[in-house]
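> got a predicted structure here, sequence first:
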Amino acid sequence: MVKYILVCGGVISGIGKGVIASSTGLILKAAGLKVTAIKIDPYMNIDAGTMAPTEHGEVYVLNDGGETDLDLGNYERYLDVSLNKDNNITTGKVYQHVIDRERKGDYLGKTVQIIPHLTNAIQDWIERVSKIPVDGSGEEPDVCVVELGGTVGDIESMPFVEALRQFQFRVGHENFALIYVSLIPVVGGEQKTKPTQAGVRDLRGLGLLPDLIACRCTDTLLTATMEKVSMFCHVSPQQVLGVHNVNSTYHVPLLLQEQGMLNYFKKRLNLGDITIKPQFKQKGEEFMGRWKALTTGQERLFDSVSIVLVGKYTSLQDSYMSVVKALEHASMRCGRKLELQWVDSSDLEPETQVTNPVRFHDAWSAVCSAKGIIVPGGFGHRGTEGMIAAVKWAREQKVPFLGICLGFQVAVIEWARNVCGLKAANSAELVPDVEHPVICFMPEISKTHMGGTMRLGLRPTIFQSNTENSKLRRLYGGHEVAWERHRHRYEVEPRYVEQLESKGGLRFVGKDERGERMQMAELDDHPYFVALQAHPEFCSRPLNPSPPFLGLIAAACGSSVLAEQIASNEKSYVDPHPKEAKVVPASDAATDAGKGRKQAVDGVKVEGEVNGDLDETEKQLAGVTINSEVNGQL
């Protein structure tokens, strides 16, 4: 039986439930347990894909193409697992599921209601997803951490609260525990508990009882405050945890462990009854040992590395959550403190020099003094000329550069304009009737529906011939195939590729499995100038940094550090994706010329297509009875 730990919060949103949920899972994983996680978002959107980053933070992409809340990124980074889109439940998804069932007649003519039909659907969803293996072992998880987004008491979350109230009886008291995250504000120098008392009272009124109360506070929780929370919230002092502000969120698991979280759950959920295989226990202990070394080592760092992020959504830094985390992971590997400066790409444009000279000067001052420059993803025309200007500076001044998605595209545009002489070059996204559309709209993508219609999810990049000395390929361990997650509607126009590469210097070192889509670009005569159409930040882990980010940070630290990290990755790099996730969906080629090319290459499986030798396949199929019509061609 899977054990369930619900994490919910009160007083305010954005209180840190995601980090506490992830840290709880990490502590249990370190004990040898197999852990999965589910995030509930009580908004009506089907997923996060159509929301602006400045509205809800970044859109995090999973292997199966699910566009989800950024907290799923926390789960994957802390637990080193690969989740799927069903691990993110939204109000929109659940209502759509129930309405689809009603239309099919599954409710046998009954009046469909919030209770029991919607609440039952939520419970069934949680129970089904909690049993899906996520750690590559192929075994059912022992524990599922469920995070309820928003604030308890909001009208949006009421159906989920009621479903979880019922769920605790469905699975049994010994299989369900609740962590309530609350804020302890400081007023007049005193830690106040009244908001927490009120929140717990509301929670109890809804039928849920907290097992642990995690008190978020700026400074260490005082003993008197803890005792007051214990007294008025009807829990023992051992059930009150202080989670004060720390230098890094990577310290939170250690903070919770020191306060006895694991011992409490061992008793409360009878974790001792779960049989833990020796290899999982050993792996968990090694994982926690490396985590402790990582966090304690971070505190002792004295040298720093200065990186400038030139983006469109810098007004809300959560818009680039995974980018920042990937930079942190790489910095820790290189033994440096990250000094990250944020520059709104619009501030680099000539118009700003007229309207706001101070902002223009400050932005260019940051770019010119940076040891490394990163241009992340985005959509729309605003600020793209500023990005192109930053790319030109990085290329000409030999400043280490990393471009991601839109950053990859503006790097191609800059090269086309300033090296290839295509002065009018641009993206068809930014200027629909541009003379030289070196970036084009992908032919298979919908122009009318926004949600879930991009090229999404885990895809392979095949390194081309004569790229053995490529810095990027060597950072990927010298492998022939690199797997990264994608999220884009536009790509390099194939008919311009030969012209772009003809000037020498820029090479498309990595392409898709048909050789039609340009997915990685690199400058030869440069300390480090790399751009990817994919989003490698989504696959970075604290103990396994993303190769392109590692290269950027190492190059910003110096050529010797880059050489050292390349040599290390050539020996030991292992990508974080389970083998079963490395399947390419069968899709149309980008051009008519590519339709005759095989989509499959060695080491890449294509869904819906037969790979390998035809004679061998026929031998394997001999004697097999086919009970249904086979679509497609062998």
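Yes, it's here.
> CA only for contacts and neighbour counts going forward, please
Will do.
> where does pLDDT dip in the stretch 251-400 of the chain?
Counting by pLDDT under 70, the stretch 251-400 of the chain contains no low-confidence residues.
> if we use 80, what do you get?
297-301 (pLDDT under 80).
> next: the chain.
54-56, 297-301, 442-454, 585-634.
> Ser157 and Tyr180, how far apart?
Using C-alpha to C-alpha, to the nearest Å, Ser157 is found at 15 Å from Tyr180.
> which one's more surrounded, the two?
Remark: of Ser157 and Tyr180, Tyr180 carries more neighbours, 24 against 19, as counted by other C-alpha atoms under 10 Å.
> distance check, that one against Leu206.
13 Å.
> check Tyr43 too.
For Tyr43, the distance to Leu206 - C-alpha to C-alpha - is 20 Å.
> so Leu340, which state does it fall into?
strand (DSSP: H, G, I helix; E, B strand; the rest coil).
> should've said Ala531
Here Ala531 is recorded as strand under three-state DSSP.
> quick check, it in contact with Leu406.
No: counting by C-alpha atoms under 8 Å, Ala531 does not reach Leu406; the two are 9.5 Å apart.
> who are the contact partners of Gln409?
Listed by C-alpha atoms under 8 Å, 6 or more residues apart in numbering, the contact partners of Gln409 are 427, 439, 491-492, 533.
> cool, and Asp211?
Counting by C-alpha under 8 Å, 6+ apart, Asp211 has contacts 177-180, 235, 239.
> now do 7 Å
Neighbouring residues of Asp211 by C-alpha atoms under 7 Å, 6 or more residues apart in numbering: 177-179, 239.
> cool, and Lys511?
By C-alpha under 7 Å, 6+ apart, the neighbours of Lys511 are 461-463, 517-520.
> which strands and helices sit next to the helix or strand hosting Ile40?
Ile40 belongs to strand 35-41 when elements are defined using DSSP states H and E. Other elements packing on strand 35-41 under the criterion 3 or more C-alpha pairs under 7 Å, 6 or more residues apart in numbering; DSSP states H and E are strand 88-90, strand 143-148.
> same thing but 8 Å
helix 17-30, helix 71-79, strand 88-90, strand 143-148 (3 or more C-alpha pairs under 8 Å, 6 or more residues apart in numbering; DSSP states H and E).
> which outside residues touch that strand?
With C-alpha under 8 Å, 6+ apart as the test, strand 35-41 has contacts from 25, 28-29, 69, 71-72, 75, 79, 81, 83, 87-91, 126, 129-130, 133-134, 141-150.
> circling back: ok, and the most crowded of the contacts of Gln409?
Gln533 (29 neighbours).
> so who does that residue touch?
Applying C-alpha under 8 Å, 6+ apart, the residues near Gln533 are 404-406, 408-409, 486, 488, 491, 518-520.
> roughly how far does the nearest residue to it once chain neighbours are set aside sit from Ala425?
Closest residue to Gln533 apart from its sequence neighbours, by C-alpha to C-alpha, 6 or more residues apart in numbering: Cys405 at 4.2 Å. According to C-alpha to C-alpha, Cys405 and Ala425 sit 17 Å apart.
> ok, Gln259 next?
Taken as C-alpha to C-alpha, the span from Gln259 to Ala425 is 59 Å.
> out of those two, which sits in the more crowded spot?
Ala425 (22 against 16).
> and that one, how close does it get to Gly386?
15 Å.
> how about Arg507?
In terms of C-alpha to C-alpha, Arg507 sits 24 Å off from Gly386.
> over to Tyr4?
48 Å.
> so which of those two has more stuff around it?
Between Tyr4 and Gly386, counting by other C-alpha under 10 Å, Tyr4 is the more crowded of the two (26 against 22).
> quick one: secondary structure of that one?
strand.
> how about Ala163?
Ala163 ends up helix, using three-state DSSP.
> OK, contacts around it?
Counted by C-alpha under 8 Å, 6+ apart, Ala163 has contacts 119-120, 122-123.
> what do you get if the cut-off is 10 Å, keeping everything else the same?
By C-alpha atoms under 10 Å, 6 or more residues apart in numbering, the residues touching Ala163 are 114-116, 118-124.
> emit the PyMOL select command for whichever of those are buried.
Entered in PyMOL, the line below selects the buried ones among these, by 16 or more other C-alpha atoms under 10 Å:
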select buried, resi 118+119+120+121+122+123
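> just give me the closest of the contacts of Ala163 to Pro548.
Ile122 (39.1 Å; C-alpha to C-alpha).
> number of residues surrounding Val145?
23.
> who does it bridge with?
Ile5, Ala37 (DSSP bridges).
> that one and Gly558, how far apart?
Counting by C-alpha to C-alpha, the gap from Val145 to Gly558 is 42 Å.
> swap in Ala534?
26 Å.
> surely Thr8 touches Val181?
Wrong residue type there; residue 8 is Cys, not Thr. Yes: using C-alpha atoms under 10 Å, Cys8 is in contact with Val181, at 6.1 Å.
> higher neighbour count, the two?
Between Cys8 and Val181, counting by other C-alpha under 10 Å, Val181 is the more crowded of the two (29 against 25).
> I'd guessed Cys144 sits against Leu79; true?
No: between Cys144 and Leu79 there is no contact under C-alpha under 10 Å: 11.7 Å.
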